[in-house]
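Novice: sharing a model that was predicted from the sequence below.
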4 protein chains.
Amino acid sequence: MIRAGIFGATGYTGHELLRIFRAHPQIKTAFASSTTYAGQPFSEVYPCPYDDLLIAPEDAPLDAADVVFLCTPHGASAPYAARALEAGAKVIDLSADFRLRDLKVYAEWYGEHGAPSYTSKAVYGLSEIYRQELVRCDLVANPGCYPTGPLLALYPLLERGALVSERIIVDAASGTSGAGAKPSLKTHFCNVHDNYSAYKVGHSHRHTPEMEQELTRAAGSAVRVTFCPHLLPIARGILSTVYVTVAPDWTPERLTSLWQARYADAPFVNILPDGNLASLAHVVNTNRCALSVSDGGAPCELVIVTAIDNLLKGASGQAVQNMNLMFGLDETLGLIA
Amino acid sequence: MIRAGIFGATGYTGHELLRIFRAHPQIKTAFASSTTYAGQPFSEVYPCPYDDLLIAPEDAPLDAADVVFLCTPHGASAPYAARALEAGAKVIDLSADFRLRDLKVYAEWYGEHGAPSYTSKAVYGLSEIYRQELVRCDLVANPGCYPTGPLLALYPLLERGALVSERIIVDAASGTSGAGAKPSLKTHFCNVHDNYSAYKVGHSHRHTPEMEQELTRAAGSAVRVTFCPHLLPIARGILSTVYVTVAPDWTPERLTSLWQARYADAPFVNILPDGNLASLAHVVNTNRCALSVSDGGAPCELVIVTAIDNLLKGASGQAVQNMNLMFGLDETLGLIA
Amino acid sequence: MIRAGIFGATGYTGHELLRIFRAHPQIKTAFASSTTYAGQPFSEVYPCPYDDLLIAPEDAPLDAADVVFLCTPHGASAPYAARALEAGAKVIDLSADFRLRDLKVYAEWYGEHGAPSYTSKAVYGLSEIYRQELVRCDLVANPGCYPTGPLLALYPLLERGALVSERIIVDAASGTSGAGAKPSLKTHFCNVHDNYSAYKVGHSHRHTPEMEQELTRAAGSAVRVTFCPHLLPIARGILSTVYVTVAPDWTPERLTSLWQARYADAPFVNILPDGNLASLAHVVNTNRCALSVSDGGAPCELVIVTAIDNLLKGASGQAVQNMNLMFGLDETLGLIA
Amino acid sequence: MIRAGIFGATGYTGHELLRIFRAHPQIKTAFASSTTYAGQPFSEVYPCPYDDLLIAPEDAPLDAADVVFLCTPHGASAPYAARALEAGAKVIDLSADFRLRDLKVYAEWYGEHGAPSYTSKAVYGLSEIYRQELVRCDLVANPGCYPTGPLLALYPLLERGALVSERIIVDAASGTSGAGAKPSLKTHFCNVHDNYSAYKVGHSHRHTPEMEQELTRAAGSAVRVTFCPHLLPIARGILSTVYVTVAPDWTPERLTSLWQARYADAPFVNILPDGNLASLAHVVNTNRCALSVSDGGAPCELVIVTAIDNLLKGASGQAVQNMNLMFGLDETLGLIA
């Protein structure tokens, strides 16, 4: 059994991890920490029967953990990561702290880094792309919820040099769990229900540099993303509609074939048959990423629609998928494909 | 034109009043106050184009108002009511401060009263029942959102002495706007959406003594209410399912006829034909109260289903209906029947 | 591996069964039949990657199945049950065909029975109550979605003779999946969303005689149920608020203790601590039944709130729980407790 | 009083018209027709107290109507229009029959036209753009729900020649009322709720040629639209996120100023202050069109977000706005600005 600890267990990603741990035949919860709820059983925080006692983060028995999941906010994660690595545990960080390879870019979007010397050791945890690096690493930077779908859709295309314009438009919509568990006017039921709204449009959301970093790596040259997130009146799921301009020989059928080849061994990638479009219903409550592509109505234009569950493939599910890889287990253990 | 002021304008009932004022041909907004947002236009608080400037409550020009609506919390309303009445304005209080005729009962459920000498001057603003008293009063205690539907349904029945058991069960479900505009874990989108839950069941919700007071008046003898409110994953509307034991000659048809006679001149009471059941869709975004009754499956048992929009007939709509009555206007002015 | 077949696989309970089969370590799908979609893979009917080929019911290889789940409508199930039993398979019927022990009562509510000789062989599949009978039976009448929660809540209480009045009020609310997958005005999104409505109130819903049958057995004397179902604007979950009159010594605390004793070995029964109330969030997407009880506000009155997921503990989950029992497996296999 | 008739009154746009008629001080309902429900009062079709008797379309007293609203499907509208015009009534057609000025384009997207000789007489009813033509016309082609917002946003920009690329991307999301009142798998509650999906992406939705026609007129040269509609799990509202490439001197501030000048006298156009983004909450249940614009993150890129209520400004509200203009009334009569 793998002994797994969680820092920041009472946020949505922590709750989701505990749920997965219960279904996973090889995980034993080592500890679950919470600054706010230390001393209470988890069942008093969420309507569930989990009797795990929450402990203060400073009391976390790091030596009793083979792996530590960080569900703490960016900025807070980095020092926890350093502590856990030094104690000999592997670390999977669900925050943004180790996602950006360039510390200057990190500083620009997030401020000063809390453990800069570890950045170069981190592997970007997009499981299907970095599987080999993940198998032998100790520190995973689990991807952001928004980047995961578009990156899986675009990575193979950009590797092949198919992009003509360097500009990509990602129009995305997320369920409200993406905004976190903390009450605010933004997350008040009456402000979200029956509403649909854009926020941080253009180039202002922090997941933009993360997408650009990875797409630039795939393409081998600078890629620019215009990113417009929207808030959906649902709890879970992200659907991204991606507009790209490609070389004339890239039809939807050819892209579908490319995906099939690239993801032949990827149990969570659900490539839809031509003519079908990905929807949240394809993925919610699973660790799947659904991919679909259509003609944009003019030569060289493709419209890609991709969907994930933001708390699973977009966070805790992919984190456990990465853990499975890191410990040599079947990639799908404890997860729904 | 009637000059109307609002204290506590940025809660949901205040917002709703401003919406109605704009549609009402005889109302001019005198002022709208807010402690939190004083100095800002209303359009910065809610996504709407209302440019009314919010003022601090202490700056409210009471002499410029013919009527003042109190959308302030219980406890806070009573002193405002005293101030406004002394300045010569009529007052419609949407809080609970003047609903309970017995100050001891008030103290038990709400604490010490802020203006006890005015309680006896207040008219309980259930428009269809107290129409004549409302026409000539200066202080209206606008009914609570939960009591309005069950009271309109039961009042005629109890006046006729039809009740056999003194116990009435009111099982009700409300949209989340009833919980107010303040963010909390209870109103976080992810806690309400796809959920349905009971709260304050039995005899613990503050609207219970209000229902018992009015039903006891109607019956001429003590009536006891078992009241179980539930929270619905919608923004607006209250549906109440009411279980009563009646004398054997009270069939659903007879009760429907009684309602038709009692509410012949009530433009907002929507009595459904036999066999139909009230739903939220009958009433949301209107000032209607829908009434329906069915056989309970055994002799002497009736099941009444009644619905209102909690922000309209359950709050701001009924408040304006009362204002129309107080100023001798057509009862339906500015409202949807 | 247990070879399991499904008749009527493309309704919601069939879809849910297939989902559970994929997570269950001891089930192998033998066949999945559909009259409408025969010849198509399941992934063309629902947005999921299940490639199971749907076959016509007449082509179902009964000899290749150890157990057959009937997701067919009442009336249609009985003949399938007979066929499967004769072929040597065990049968779990999710329709109402074998739930009512008295064929006259069945006829009254459903019409003529399709396989009357089998009725006496069926065990009512309320797992926690009929566990011993289930272990050695061949034909299970899986309970209706509405009865499951109230029966688990009331059975221990009535066994103990705690009921004073013979009348029980069950006010329940169900998600729309309970209305089935067939499009109709009743299930049109715009008619359900933001709405809440009662239907078949009093004594007219077909789950009423089922509740009365089982409660009468528990009590040893006739019990009458006033049942009012409501439709919730959500997909999954049933919450029931149950009003009972009990002997004076039955406090909420005592009932909670009784449940704890009665369900000490029941992994899916989630008894909430005093002061907590069951909500859909406790149970949706799990096979749990949450139980909670409060004071009704007067001596001898209790208000019980109980919740299940209508497609899991209220249908397919309980069906697999029963299968686990019938085949001597761990009761929780493939299910979420 | 203007006597107004409705063909196809029991669809959502017909229902909405009847609602507006009741609030409009100058409209008297002349007739409301329905093929399916002829002979029934409207209150039996929708949960409302409207007692208007539905008549068969062939019984419609055209001579008793000053204006006729066609809520009939495309193809069916054209012959009704001809009949009503010949009887001397003005006609406002909410279908697509008279929106496309080029009959060849109409044929390509909709098939053969039912009254081709009238096409040239129709005015495209985008009120704020064609106000002068509307004032003196007899036949209005009320715009499609999707085009209305993007056209109001883009028309002034294209008139000024600000577009650099001829390609515009319109990514839009609509509430489910846009799919009509007919039950189908697509509109089943359980398929829409908690889901979000794209459909007819690229250049395949019938509102695409309508947008291109009007934008080409505004620009004076061919404009191409890549259009991706999505289905939202709500009943009402359309939000469009529009990506344009403009000349370098077109900042968001400059576009906001242009809108303010162009729509200075347009009571329903709600231009948001810089930094604010339009949401459905700005417009639902009103006849407003909200407009907002942001920097796209690179030179020459703008992201416009615009919102309407699809049944009001996107259909019945704009239809009545047009009627007000045609009859010389205040544009806002009966509508919410």
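Specialist: Structure received. Residues are numbered from 1 along each chain as shown, chains lettered A, B, ... in the order given.

Novice: for residue A:201, grab the count of nearby residues.
Specialist: 25 (other Cβ atoms under 10 Å in any protein chain shown). Backbone N, C-alpha and C define where each C-beta goes, glycine included.

Novice: which residues touch it?
Specialist: Neighbouring residues of residue A:201 by Cβ atoms under 8 Å, 6 or more residues apart in numbering or on different chains: A:227, A:228, A:229, D:241, D:277, D:294, D:296, D:303, D:305.

Novice: could I get those residues as TSV with distance to residue A:213 and secondary structure?
Specialist: Formatted as TSV, the contacts of residue A:201 follow (distance: Cβ to Cβ, whole Å; DSSP: H, G, I helix; E, B strand; the rest coil):
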residue	distance to residue A:213	secondary structure
A:227	13	strand
A:228	19	strand
A:229	18	strand
D:241	24	strand
D:277	26	coil
D:294	23	strand
D:296	20	coil
D:303	22	strand
D:305	27	strand
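
Novice: of all of the stretch 1-150 of chain A, which residue lies closest to chain B?
Specialist: residue A:12 (7.4 Å; Cβ to the nearest Cβ).

Novice: return the distance of that residue relative to chain D.
Specialist: As defined by Cβ to the nearest Cβ, to the nearest Å, residue A:12 lies at a distance of 16 Å from chain D.

Novice: measure that residue to residue A:110 for me?
Specialist: Residue A:12 is 20 Å from residue A:110, where distance means Cβ to Cβ, to the nearest Å.

Novice: and residue A:54, by the same measure?
Specialist: According to Cβ to Cβ, residue A:54 and residue A:110 sit 27 Å apart.

Novice: looking at the two, which one has more neighbours?
Specialist: A count of neighbours by other Cβ under 10 Å puts residue A:54 above the other of residue A:54 and residue A:110, at 23 against 18.

Novice: show me the contacts for the more buried one.
Specialist: Contacts of residue A:54 by Cβ under 8 Å, 6+ apart are A:9, A:10, A:32, A:33, A:34, A:37, A:38, A:39, A:40, A:41, A:42, A:45.

Novice: over to residue A:251?
Specialist: Neighbouring residues of residue A:251 by Cβ under 8 Å, 6+ apart: residue A:295.

Novice: if we go to 10 Å?
Specialist: A:257, A:274, A:293, A:295, A:302 (Cβ atoms under 10 Å, 6 or more residues apart in numbering or on different chains).

Novice: repeat that for residue A:332.
Specialist: Counted by Cβ under 10 Å, 6+ apart, residue A:332 has contacts A:267, A:268, A:287, A:320, A:321, A:324.

Novice: just the ones in strands from those, please.
Specialist: When strands are assigned by DSSP state E, not one member of the contacts of residue A:332 lies inside them.

Novice: alpha carbons of stretch A:184-195, as PDB, please.
Specialist: Only the C-alpha atoms of stretch A:184-195 are listed here, as PDB (Å, rounded to 0.1, in the frame of the first residue of the first chain):
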ATOM      1  CA  SER A 184     -17.800  35.100  -2.100                       C
ATOM      2  CA  LEU A 185     -20.100  37.200  -4.100                       C
ATOM      3  CA  LYS A 186     -18.700  35.500  -7.200                       C
ATOM      4  CA  THR A 187     -19.700  32.100  -5.900                       C
ATOM      5  CA  HIS A 188     -23.000  33.000  -4.300                       C
ATOM      6  CA  PHE A 189     -25.700  30.700  -5.700                       C
ATOM      7  CA  CYS A 190     -27.900  33.500  -6.900                       C
ATOM      8  CA  ASN A 191     -25.100  35.100  -8.800                       C
ATOM      9  CA  VAL A 192     -24.100  32.000 -10.700                       C
ATOM     10  CA  HIS A 193     -27.400  30.200 -11.200                       C
ATOM     11  CA  ASP A 194     -29.100  31.000 -14.500                       C
ATOM     12  CA  ASN A 195     -26.100  33.200 -15.400                       C
END
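
Novice: tell me the buried residues in it?
Specialist: Across stretch A:184-195, burial judged by 16 or more other Cβ atoms under 10 Å in any protein chain shown covers A:186, A:187, A:188, A:189, A:190, A:191, A:192, A:193, A:194, A:195.

Novice: can you tell me how far the third one is from chain B?
Specialist: Between residue A:188 and chain B the distance, using Cβ to the nearest Cβ, works out to 5 Å.

Novice: give me phi/psi at that residue?
Specialist: phi -60, psi 130 (degrees, to the nearest 10).

Novice: I'd say it and residue B:190 touch.
Specialist: No: using Cβ atoms under 10 Å as the test, residue A:188 is too far from residue B:190 to be in contact (11.1 Å).

Novice: related to what we said a few turns ago, looking at neighbours, which among the contacts of residue A:201 is most surrounded?
Specialist: residue A:227 (29 neighbours).

Novice: returning to that earlier point: mind picking the two most distant members of the contacts of residue A:332?
Specialist: Across the contacts of residue A:332, the longest distance by Cβ to Cβ is 13.3 Å; it joins A:267 and A:320.

Novice: can you show me the strands along the stretch 151-300 of chain A?
Specialist: For the stretch 151-300 of chain A, the strands defined by DSSP state E, counting those that start in this stretch cover A:167-174, A:197-198, A:224-231, A:238-245, A:269-271, A:289-295.

Novice: alpha carbons of the last one, in CSV - could you do that?
Specialist: When you say that, I think you mean strand A:289-295. The C-alpha coordinates for strand A:289-295 follow below in CSV (Å, rounded to 0.1, in the frame of the first residue of the first chain):
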residue,chain,number,x,y,z
CYS,A,289,-10.5,13.9,-21.7
ALA,A,290,-12.8,14.0,-24.7
LEU,A,291,-11.5,15.3,-28.0
SER,A,292,-13.4,16.2,-31.2
VAL,A,293,-12.7,18.4,-34.2
SER,A,294,-14.8,20.0,-36.9
ASP,A,295,-14.3,22.0,-40.0
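
Novice: paired strands for that strand, with orientation please.
Specialist: Sheet pairing of strand A:289-295 (DSSP bridges) gives strand A:269-271 (parallel), strand A:301-308 (antiparallel).

Novice: deepest-packed of these, please.
Specialist: Most buried of the strands paired with strand A:289-295, by mean neighbour count (mean count of other Cβ atoms under 10 Å in any protein chain shown): strand A:301-308, with a mean of 28.

Novice: still on that earlier bit, just read off the phi/psi values of the residue of the stretch 1-150 of chain A closest to chain B.
Specialist: Residue A:12 adopts backbone torsions of phi -60, psi -40, taken as degrees, to the nearest 10.

Novice: state the number of residues packed around the residue lying closest to it once chain neighbours are set aside.
Specialist: Among residues not flanking residue A:12 along the chain, residue A:177 sits closest, at 4.9 Å (Cβ to Cβ, 6 or more residues apart in numbering or on different chains). Residue A:177 sits with 26 neighbouring residues when counted by other Cβ under 10 Å.

Novice: so residue A:177 makes contact with residue B:194?
Specialist: No: Residue A:177 is beyond contact range of residue B:194, at 11.3 Å (criterion: Cβ under 10 Å).

Novice: what do the two both touch?
Specialist: In contact with both residue A:177 and residue B:194: A:234, A:235, A:236, using Cβ under 10 Å, 6+ apart.
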